[in-house]
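Colleague: Sequence plus the predicted model coming up.
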Amino acid sequence: MTTGISVGSKENVVIQAGGCSIRVLPQFGGKIASIHFRGQELLQAPLAPVASRTHTMPFDAADASGWDECLPSVAACTVKTQAASADVPDHGDLWRVPWTVLDSAPHSVTLSSACFSLPLTLRRRLTIDETKKGARISLDYRLTNTGTAPVPWSWAAHPLFTVAEGDRIILPDSIHTLRLEGSGGNRLGKAGDEIQWPIADLADGFHADLSRAEAPDSGIGDKLFAGPMHPDAAWCVLERPSAGVRIKVTFDANATPYLGLWICYGGWPERPGPKQVCVAPEPATAPVDSLAFTGPWSRTLAPGEWSDWPMHVDLETL
């Protein structure tokens with residue numbers, strides 16, 4: 001079990017199959033708090049006890065763990081709509097508010113919640129199926145505009161998979177460069193720079209293998225984007241020989257063309273206290289964190305309109 005969860009059993013929903021058990025906390029942003037697979041916890045443990053959140057607190061003031069959904073923006077920003085101006089908080093709205101369980105079964109659970117900065121409602125169905133090699137986690141999303149005017153939006157999954165030094169990140173062979181969103185201490189450069197994959201030039205003139213997880217005291221915290229991904233190569237693999245597990249994240253490049261990649265080996269939060277040691281492969285609708293940063297990737301839903309998309313996580317023993 002993941003440590004640091006200070007909530008009662010009534011706030012937990014557990015589903016399981018194929019040697020995989022998933023624990024969801026509907027009252028705490030619908031958070032996937034634990035993915036336990038064949039004796040191994042796969043998600044980042046809480047940096048602080050899971051507790052009530054406000055509409056304005058920064059993400060690092062909470063537990064900063066597990067798997068949340070970032071909507072309608074990852075970065076805090078202000079956006080203008082036909083109806084009004086909207087202030088979207090850090091990592092979006094949905095990790096801050098309770099979700100409603102619509103249905104549950106031993107292998108699946110469906111939840112929904114509404115944003116407060118923009119009139120958007122997200123429904124997520126989470127299912128586990130046993131496979132020949134382990135388990136497949138399927139997530140099916142539907143986002144609906146419940147307002148009376150068009151609404152801009154962007155989404156990114158936020159699964160924080162724990163790692164150990166020497167674990168490997170594998171991207172499709174077609175990926176040779178990534179866009180830099182941010183890098184602690186500017187070690188990779190500045191936002192918007194093109195970064196070579198997997199061997200990147202560092203700002204100090206040295207090189208780094210971005211595909212290899214570093215030691216947990218390395219002080220590294222980098223956010224990058226790949227894409228748009230090819231429909232036949234929309235995936236990311238995290239190989240964890242230290243845990244004997246292979247994690248493959250796949251998604252629909254026609255619906256979510258980009259892959260955010262958060263790599264953190266003790267480099268965040270920047271304040272004193274516990275640090276993340278994780279890799280987050282984040283299927284996303286945009287190659288930027290801020291909804292206010294517009295481009296050909298920008299999306300709008302008309303009143304009453306919805307958008308659907310899937311993603312999968314395949315787990316197997318190495």
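Modeller: Arrived safely, thanks for sending.

Colleague: quick one: the strands in the stretch 151-300 of the chain?
Modeller: Assignment of strands within the stretch 151-300 of the chain using DSSP state E, counting those that start in this stretch yields the ranges 151-153, 156-159, 161-162, 168-170, 177-183, 194-196, 199-201, 207-209, 220-226, 235-240, 245-251, 258-265, 277-284, 299-301.

Colleague: can you tell me which of these comes nearest to residue 293?
Modeller: For the strands of the stretch 151-300 of the chain, distance to residue 293 was read as C-beta to C-beta. The smallest value, 9.9 Å, belongs to strand 177-183. To be clear about C-beta, it is placed using only N, CA and C from the backbone, and glycine gets the same treatment.

Colleague: follow-up on the earlier one: wait, which of the strands of the stretch 151-300 of the chain is closest to residue 140?
Modeller: Closest approach to residue 140 among the strands of the stretch 151-300 of the chain is made by strand 245-251 (11.6 Å; C-beta to C-beta).

Colleague: What are the contacting residues of that closest one?
Modeller: 37-38, 40, 42, 159, 161, 229, 234-240, 259, 281, 283, 309-318 (C-beta atoms under 8 Å, 6 or more residues apart in numbering).

Colleague: Which of those residues are buried, as a PyMOL select command?
Modeller: Selection command for PyMOL covering only the buried members of the contacts of strand 245-251, criterion 16 or more other C-beta atoms under 10 Å:
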select buried, resi 37+38+42+159+161+229+234+235+236+237+238+239+240+259+281+283+309+311+312+313+314+315+316
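
Colleague: In a markdown table: the strands of the stretch 151-300 of the chain, plus distance to residue 60 and mean pLDDT.
Modeller: Listed next are the strands of the stretch 151-300 of the chain as a markdown table, based on distance: least, C-beta to C-beta, whole Å; pLDDT from 0 to 100:
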| stretch | distance to residue 60 | mean pLDDT |
| --- | --- | --- |
| strand 151-153 | 24 | 98 |
| strand 156-159 | 13 | 98 |
| strand 161-162 | 17 | 98 |
| strand 168-170 | 23 | 98 |
| strand 177-183 | 14 | 98 |
| strand 194-196 | 24 | 98 |
| strand 199-201 | 25 | 97 |
| strand 207-209 | 24 | 97 |
| strand 220-226 | 11 | 98 |
| strand 235-240 | 23 | 98 |
| strand 245-251 | 24 | 98 |
| strand 258-265 | 11 | 98 |
| strand 277-284 | 14 | 98 |
| strand 299-301 | 27 | 98 |
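
Colleague: between those, which one is nearest to residue 271?
Modeller: Go through the strands of the stretch 151-300 of the chain one by one with C-beta to C-beta and the one that ends up closest to residue 271 is strand 220-226, at 12.4 Å.

Colleague: Check which helices and strands that closest one sits against.
Modeller: Counting by 3 or more C-beta pairs under 8 Å, 6 or more residues apart in numbering; DSSP states H and E, the packing neighbours recorded for strand 220-226 are strand 177-183, strand 258-265.

Colleague: let's go with 10 Å and repeat that
Modeller: strand 177-183, strand 194-196, strand 258-265, strand 277-284 (3 or more C-beta pairs under 10 Å, 6 or more residues apart in numbering; DSSP states H and E).

Colleague: Of the ones you listed, which is nearest residue 93?
Modeller: Comparison of the helices and strands packed on strand 220-226 against residue 93 by C-beta to C-beta identifies strand 277-284 as nearest, at 16.3 Å.

Colleague: quick check: angle from that closest one to strand 258-265?
Modeller: Between strand 277-284 and strand 258-265, the angle comes out at 170 degrees (axes from the mean of the first three to the mean of the last three C-alpha atoms, to 10 degrees).

Colleague: Could you measure from the spatially closest residue to residue 306 that is not a sequence neighbour over to residue 185?
Modeller: Closest residue to residue 306 in three dimensions, ignoring its sequence neighbours and counting by C-beta to C-beta, 6 or more residues apart in numbering: residue 144, at 4.3 Å. Applying C-beta to C-beta, to the nearest Å, the value for residue 144 to residue 185 is 41 Å.
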